[in-house]
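Enquirer: Structure here, sequence nowhere to be found:
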């Protein structure tokens, strides 16, 4: 078997200390992250689930409103789509825009439309509940009149 030579020896002398320092540093960094999560009252799994639903951190509703430059009162689906089209086109990568900003604009639109859909569903459920309560009170009044 041929000797590896001085190059292999030098390479081994560089790689071994780097691997050793990484072997010590990574577990220490993970332990520190867990300790910080526990101090804030959050378990590591819960924290990861909230901040990393699939691929990344979700945008908050207030941040989405800021990205699309909308106030709470004017955040209608039409206004959301109008602002989305305006800002998405303005940040087109082929025109020298920013892919990062385009992705923020897309996420903002998704978040606000999702909120609008949830709000619409809640309003519908609330209206159905009120209608049901009104029907029940009408039936009680009819029964009282009959007696």
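Expert: Great, that's in hand. Just so it is clear, the model here is predicted, and its values are computed rather than measured. Numbering: from 1, shown residues only.

Enquirer: Helix or strand next in line after the lowest-mean-pLDDT helix or strand in the chain, which one?
Expert: The helix or strand of the chain with the poorest confidence is helix 44-51; it has a mean of 51 (mean pLDDT, DSSP states H and E). As assigned by DSSP states H and E, the chain's next helix or strand after helix 44-51 is helix 61-67.

Enquirer: which helices and strands does whichever helix or strand comes after that following helix pack with?
Expert: Later in the chain than helix 61-67, the nearest helix or strand by DSSP H and E is helix 77-90. Packing partners of helix 77-90 (3 or more CB pairs under 8 Å, 6 or more residues apart in numbering; DSSP states H and E): helix 99-146. Any C-beta I mention is one placed from the backbone N, CA and C, and that applies to glycine too.

Enquirer: Also compute the angle for the helix it packs on relative to helix 77-90, please.
Expert: 170 degrees (axes from the mean of the first three to the mean of the last three CA atoms, to 10 degrees).

Enquirer: Contacts only, for residue 68.
Expert: 80, 83-84, 87, 105, 108-109, 112 (CB atoms under 8 Å, 6 or more residues apart in numbering).
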